[in-house]
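Participant: next comes the sequence, and after it the predicted model I'd like to discuss.
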Amino acid sequence: MSTFPLLISSPDGDLFRGDAEKLILRGTEGDLAVMAGHVPFVTAVVKGRCVLETAGGERKEGTIEDGLLTVEKEQVTVLTSALELENP
């Protein structure tokens, strides 16, 4: 499966930096999934479930706080106040 560079960052520092296959979280319009080649966009993130599938096939799940998701051609960035992963 194709991957994309992902950065999840908070005021305390980077929470995840690496290649991902899929990112699932909740935007203001509802749940969304980002995969490689996704059309560029920006949206607010609302508190809710977050699922990250890494390039190595590892699945990380947890709760993300409010923030901002930016999907660009070469980079996906999530700026959030906090992300608590159940299996870091």
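Facilitator: Looks like it came in fine. Residues are numbered from 1 along each chain as shown.
Participant: skip the chain neighbours and tell me the closest residue to the residue positioned nearest the centre of the chain.
Facilitator: Central residue check for the chain by Cα atoms, centre = their mean: the C-alpha nearest the mean position is that of L23, 4.8 Å away. With sequence-adjacent residues excluded and distances taken as Cβ to Cβ, 6 or more residues apart in numbering, L23 is closest to V34, at 4.5 Å. All C-beta atoms are positioned from the backbone trio N, CA, C, and that covers glycine.
Participant: one more: P5?
Facilitator: Excluding its sequence neighbours, the residue lying closest to P5 (Cβ to Cβ, 6+ apart) is Q75, at 5.2 Å.
Participant: count of neighbours near the one you found?
Facilitator: 12 (other Cβ atoms under 10 Å).
Participant: repeat for the one 10 residues further on
Facilitator: Around L85 there are 15 other residues, counting by other Cβ under 10 Å.
Participant: quick thing: my sequence starts at 56, can you match it?
Facilitator: All set: I'll call the first residue 56, so the last point we hit is now L140.
Participant: check contacts around R104.
Facilitator: Neighbour list for R104: 79-81, 116-119 [criterion: Cβ atoms under 8 Å, 6 or more residues apart in numbering].
Participant: what residues sit buried inside stretch 73-92?
Facilitator: Going by neighbour count (16 or more other Cβ atoms under 10 Å), the buried part of stretch 73-92 is 75-82, 87, 89-90.
Participant: got the confidence number for M56?
Facilitator: Each residue has a pLDDT score; the one for M56 is 76.
Participant: from T118, how far out is it?
Facilitator: M56 sits at a distance of 25 Å from T118 (criterion: Cβ to Cβ, to the nearest Å).
Participant: and stretch 88-100, end to end?
Facilitator: When the termini of stretch 88-100 are compared using Cα to Cα, to the nearest Å, they are 12 Å apart.
Participant: what does it contact?
Facilitator: By Cβ under 8 Å, 6+ apart, stretch 88-100 touches 56-59, 76-84, 87, 119, 121-128, 131, 133, 135.
Participant: for the host helix or strand of E116, name the packing helices and strands.
Facilitator: Counting by DSSP states H and E, the element that carries E116 is strand 114-119. If you count contacts as 3 or more Cβ pairs under 8 Å, 6 or more residues apart in numbering; DSSP states H and E, strand 114-119 packs onto strand 103-109, strand 138-140.
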